[in-house]
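[1] how does the following fold in three dimensions:
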Amino acid sequence: MVPATPVTDRVVCFLVGGALLAGCSSGDGTTGSYGYGMGGASGYGGYAGRGGASGRGGASGTGGSAGADAAADSPSPVATSVTVNPTSIGDVIADSSGMTLYVFQNDTPGSGGTAPLSACSGACAATWPSFFVATVTVPASLLASDFGSFDRGGGEMQTVYKGWPLYHYAGDAAPGDTNGNGIGGIWFAAKVPFTPPK
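    Model prediction:
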């Protein structure tokens, strides 16, 4: 007769294996995007985010227990094409490099189905280059729907904020510079909260 195999050993092994398997779990975040087009002008906006966390735990030992948990990784900040930068005059809208963006009082802002009209060209455009990104992504303190773009003429596109064309200033050398603010009483940094130039 063949000796019977003890059942107890098999049950213990099964329970230990089950405990190890049951201690594993994982999770994934979701991604989302949002786009916007403005009236007669054309515009793009977007925002995307990803978050996830994973964890693993287990227990082992005789007459005691031990456990190990992996810390959940924090999601990395999402780079944006438009930022909000703290400066000496307050928070201003800036490009992805932190360079301040400006609005021009003499421009005609877009409204409804009417595209904006820039009054800066020639020598003015050399000092105040227009700003444009095909896809606008913003931090939580801004709304992508407030941005759009329009054709300045000849296929040259320019980004707008709340209908106002956005510009750089050639006299700014570093992120956070606001040297163009108040020039001629008609050029202003695009501050947050935003007040249209008067």
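
[2] going forward, measure contacts and count neighbours with C-alpha atoms only.
    Noted.

[3] need the helix or strand of this protein with the lowest average pLDDT.
    strand 45-46 (a mean of 38; mean pLDDT, DSSP states H and E).

[4] now N179: how far from V92?
    Taking CA to CA, to the nearest Å as the measure, N179 and V92 are separated by 13 Å.

[5] more neighbours, the two?
    Taking other CA atoms under 10 Å, N179 and V92 do not tie; V92 has more neighbours (24 against 15).

[6] contacting residues around N179?
    With contact taken as CA atoms under 8 Å, 6 or more residues apart in numbering, N179 is in contact with 169, 171-172.

[7] try 10 Å
    Shown in contact with N179 (CA atoms under 10 Å, 6 or more residues apart in numbering): 100, 169-173, 188-189.

[8] repeat for F104
    Neighbouring residues of F104 by CA under 10 Å, 6+ apart: 118-120, 128, 164-167, 183, 185-190, 196-198.

[9] can you list which of these are found in strands?
    Counted as lying in strands by DSSP state E, out of these, are 164-165, 187-189.

[10] low-confidence stretches in this protein?
    Counting by pLDDT under 70, the chain contains low-confidence residues at 1-78.

[11] what's the burial count for Y102?
    When counting by other CA under 10 Å, one arrives at 28 neighbours for Y102.

[12] beta partners for it?
    As for beta bridges, Y102 partners with Y167, A189 under DSSP bridges.

[13] ok, D177 - contacts?
    If a contact means CA under 10 Å, 6+ apart, then D177 has 85, 87-89, 98-100, 169, 171 as its contacts.

[14] gap between it and K162?
    22 Å.

[15] check T100 too.
    16 Å.

[16] those two - which one has more neighbours?
    With neighbours defined as other CA under 10 Å, T100 and K162 compare such that T100 has more, 32 against 16.

[17] just checking, the more buried one touches Y167?
    Yes. Contact between T100 and Y167 holds when scored by CA atoms under 10 Å: they sit 8.5 Å apart.

[18] common neighbours of those two, please.
    Listed as contacting both T100 and Y167 by CA under 10 Å, 6+ apart are 94, 189-190.

[19] can you redo these as JSON lines with distance to G155 and neighbour count?
    Compiled in JSON lines, the shared contacts of T100 and Y167 are given as follows (distance: CA to CA, whole Å; neighbours: other CA atoms under 10 Å):
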{"residue": "A94", "distance to G155": "24", "neighbour count": "25"}
{"residue": "A189", "distance to G155": "26", "neighbour count": "28"}
{"residue": "A190", "distance to G155": "25", "neighbour count": "25"}
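
[20] now flag whichever of those is closest to V136.
    A94 (12.0 Å; CA to CA).

[21] mark which of the contacts of F104 are buried, thanks.
    Burial by neighbour count, judged by 16 or more other CA atoms under 10 Å, picks out 118, 120, 128, 164-167, 187-190, 197 from the contacts of F104.

[22] quick check: of the residues you listed, which lies closest to G155?
    Within those, distances to G155 taken as CA to CA reach their minimum at S118, with 13.9 Å.
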